[in-house]
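Enquirer: just the structure for this:
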Amino acid sequence: MLRKGPHLYLFLLINLFGLNALHGEKNTGLHKKSKVAILFAKTGTDSVEKELLKGARVFLHNHPTSADFLKLEFFDSQGTVNGTLSALKTIKDKEYPFVVGLRTSDEALIASQTAEESEFLFITPTANLSKVAQGKKNTFQIAANEVLVGGGLARFVTNNLQRKRILILINTRSVYSQSVAEAFMKGLQRVENIQVDKFVFNGEKHDLQELKILFKKNSPDLVFVSDSFLKSAVLVKYIHKTDPYLPFLCGDPIGSERTIKALMSEEPKIRLYFASFWSERKKTIHNEEFKTGYKALFPKSKPSEEAALTYDALLVLSKAIVQAQPEPTVDRVRYFIEHQKFDSTQGVIDFNTGPTHSPIRDIHIKVTNSTQSKRVKTLRVKWKLEP
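Expert: You can find the predicted model right below:
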């Protein structure tokens, strides 16, 4: 506790002006600027990656005075493991204490390990594999992890869809696919009279004959795609042609709405349910500000989940940096992230309610076809499964 005196009044003055700065009021120059690296795939074929950049640009547009205490620089991960390693080396050489970005868990795992070794703080907006942040003091996730996703989707299948014969597609080359499938199956264990079958494949290698035999034998009424929907496209197309009315549930929430367009343009009658961590309909001040800012900067694009979660990541980091003034070190900023609640586009989140540095947050279930998606259900998620 600070005693009364000049130190207390200086502390209060700094925090007062810091919080005002985030709302567009003039900064008095008391802040020490913090360098923040924004890491995303500037090059490469994944257009969804560029939504992370858009989220950062919307944040700067909506909070221009954040430039008084934040210095953002953009780094190219190339959307690959090697590109991420190269970018992280540059970030370390330039001594950036804070890093925000990376869409997929494969790259985020590398960054989280590097953050432990090099003592910088890493926030990933969208990578939600629990191993990214579990046991890592310097890594935080904005999206709920796959343990919550898998358990939530299992609840949706049994309570809402009421399906009884489920086929799960599992990619053995994907840690995320195996982990979300495990959480999904664990959630189904509590339900009676559920038949669960697994079809395991190795990346691009598929045994369609084995799938045909399994499909004919058990006649599933739902297919759970635990991997990226596009990586499972060959299997999904085959199953859809076998049974055009069979619905799919996707366990990979990030990028689903955009990446499935290519597949669904070929098979427009596929009925797909998938999870999302962002709802455009959510009525919060930050959500309205985000959508307005996004449309002002990118009038030809639709606000995306990836951009919104990046926006949230910078809201969290900027508030913690302001509160850590006058010396926003990694240790001090980490302390404030771990012990504060934060306003986001989807409401209040915090990072001290679960066994990892990922928030307990609602999961929005959406159903989509080739032209549009709509919200079906919002799951109020509570932590029940250990990762």
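Enquirer: quick one, domains of this structure?
Expert: By the assignment in automatic domain parsing, the chain contains the domains 6-144+281-352, 147-276+364-379.
Enquirer: least reliable of those domains by average pLDDT, please.
Expert: Lowest mean pLDDT within those: domain 147-276+364-379, a mean of 81.
Enquirer: related to what we said a few turns ago, could you dump the domains of the chain into TSV with distance to Ser358 and mean neighbour count added?
Expert: The way it works is simple: take the backbone N, C-alpha and C, and place the C-beta from them, glycine included. Shown next, in TSV, are these (distance: least, C-beta to C-beta, whole Å; neighbours: other C-beta atoms under 10 Å):
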stretch	distance to Ser358	mean neighbour count
domain 6-144+281-352	4	20
domain 147-276+364-379	8	18
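Enquirer: isn't Ser66 right next to Phe59, touching?
Expert: Yes - the pair Ser66 / Phe59 is scored as a contact, 7.3 Å apart, by C-beta atoms under 8 Å.
Enquirer: now do the shared contacts for the two.
Expert: Residues touching both Ser66 and Phe59 by C-beta atoms under 8 Å, 6 or more residues apart in numbering: Ser318.
Enquirer: okay, the helix or strand hosting Ala183 in CSV with CA atoms only?
Expert: In the assignment (DSSP states H and E), Ala183 maps to helix 175-188. Output of helix 175-188 as CSV, limited to C-alpha atoms (Å, rounded to 0.1, in the frame of the first residue of the first chain):
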residue,chain,number,x,y,z
VAL,A,175,-2.2,-31.3,-31.8
TYR,A,176,-5.3,-29.0,-31.8
SER,A,177,-7.4,-31.6,-33.6
GLN,A,178,-6.6,-34.3,-31.1
SER,A,179,-7.0,-32.1,-28.1
VAL,A,180,-10.4,-30.6,-29.1
ALA,A,181,-11.6,-34.1,-30.0
GLU,A,182,-10.6,-35.4,-26.6
ALA,A,183,-12.5,-32.6,-24.8
PHE,A,184,-15.5,-33.2,-27.0
MET,A,185,-15.6,-36.9,-26.3
LYS,A,186,-15.1,-36.2,-22.6
GLY,A,187,-18.1,-34.0,-22.6
LEU,A,188,-20.2,-36.7,-24.3
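Enquirer: just checking, what packs against it?
Expert: Contact here means 3 or more C-beta pairs under 8 Å, 6 or more residues apart in numbering; DSSP states H and E; on that basis helix 175-188 packs against helix 105-118, helix 130-133, helix 146-156, strand 165-171, strand 195-201.
Enquirer: output the contacting helices and strands for the longest one.
Expert: So that's helix 105-118. Counting contacts by 3+ C-beta pairs under 8 Å, 6+ apart, helix 105-118 packs against helix 81-93, strand 121-124, helix 130-133, strand 139-141, helix 175-188.
Enquirer: residues making contact with it?
Expert: 39, 77, 79-81, 84-85, 88, 92, 99, 102, 120-122, 124, 127-129, 131-133, 136-139, 175-176.
Enquirer: could you rerun that using 7 Å?
Expert: Here helix 105-118 makes contact (C-beta atoms under 7 Å, 6 or more residues apart in numbering) with 77, 81, 84-85, 88, 92, 99, 102, 121-122, 124, 127-129, 131-133, 136, 138-139, 176.
Enquirer: cool, and the shortest one?
Expert: Defining contact as C-beta under 7 Å, 6+ apart, one finds that helix 130-133 is touched by 105, 108-109, 112, 124, 139-141, 145-147, 175, 179, 356-358, 387.
Enquirer: I'd like the next helix or strand past the longest helix seen in the chain.
Expert: The single longest helix within the chain, with elements called by DSSP state H, is helix 305-323. Using DSSP H and E, the next helix or strand after helix 305-323 towards the C-terminus is helix 330-339.
Enquirer: what sits against the residue most central in space within the chain?
Expert: The centre of the chain sits closest to Thr126, judged by C-alpha atoms, centre = their mean, with a distance of 2.2 Å. With contact set as C-beta under 7 Å, 6+ apart, Thr126 has these partners: Arg103, Ala143, Ile254, Glu306, Leu309.
Enquirer: hang on, the earlier thing: for the longest helix of the chain, packing partners?
Expert: Judged by 3 or more C-beta pairs under 7 Å, 6 or more residues apart in numbering; DSSP states H and E, helix 305-323 is in contact with helix 6-22, helix 50-62, strand 98-101, strand 121-124, helix 285-297, helix 330-339, strand 341-344.
Enquirer: restrict stretch 34-43 to CA atoms and write it as CSV.
Expert: Below are the C-alpha coordinates for stretch 34-43, written out as CSV (Å, rounded to 0.1, in the frame of the first residue of the first chain):
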residue,chain,number,x,y,z
SER,A,34,6.3,0.8,-24.6
LYS,A,35,7.3,-1.0,-27.8
VAL,A,36,4.7,-3.5,-29.0
ALA,A,37,5.4,-5.9,-31.9
ILE,A,38,2.3,-6.9,-34.0
LEU,A,39,3.1,-10.3,-35.5
PHE,A,40,1.0,-11.6,-38.4
ALA,A,41,1.4,-13.1,-41.9
LYS,A,42,1.9,-10.0,-44.1
THR,A,43,3.0,-12.3,-47.0
